[in-house]
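# need a structure here:
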Amino acid sequence: MPKYDREFYIIKAELCKALADPSRQMMIVELRSGEKTVGELSETLEISQPATSRHLAILRDGGVVKARRENTNIYYSLVTPKIAEACDMVQAILFSQMEKNRDLANRIITT
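Alright, predicted model coming up:
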């Protein structure tokens, strides 16, 4: 692969866009424990079923989740556990930044 293959970075950006929504982030957390139906995700996350379906379609199109039909139900699961691991890394970075901001705020308040 050339050093900067534009098509690769376009695909990478699309994946990041699929992950860039709070509801979809919560769905990833729920799906790390196993497959779930739209109804189960909707109920657990308190999001309407149509909105849940739209979010899952974006995640599916982004290659984050896969669907499996069983009778009348469609079960969603993560394509790979690495998705959840990547979200964990982002969360660790966020917590680190929050800690630094808290330390800065404490210094400003105490001076």
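# And the pLDDT at the closest residue to Gly34 other than its chain neighbours?
Leaving aside its chain neighbours, Gly34 sits nearest to Ser77 (6.9 Å; criterion: CB to CB, 6 or more residues apart in numbering). Just so you know, the C-beta spots here come from the backbone N, C-alpha and C atoms, and that holds for glycine as well. Note on Ser77: pLDDT of 98.
# same deal with Glu85?
94.
# which stretch of helix or strand covers it?
helix 81-110 (DSSP states H and E).
# Report the buried residues of stretch 39-55.
Leu41, Ser42, Leu45, Ile47, Thr52, Ser53, His55 (16 or more other CB atoms under 10 Å).
# got it, and stretch 58-71?
Ile58, Leu59, Gly62, Val64, Val65.
# Okay, helices next: where are they in the chain?
Here the chain has its helices, by DSSP state H, at 6-19, 22-31, 38-45, 49-61, 81-110.
# and the most centrally placed residue in the chain, what does it touch?
Centre of the chain computed as the mean C-alpha position; nearest residue by CA atoms, centre = their mean is Gln25, 3.3 Å away. Gln25 is in contact with Leu19, Cys87, counting by CB atoms under 8 Å, 6 or more residues apart in numbering.
# same thing with Val38?
Val38 neighbours (CB under 8 Å, 6+ apart): Gln49, Thr52, Ser53, Leu56, Ile74, Tyr76.
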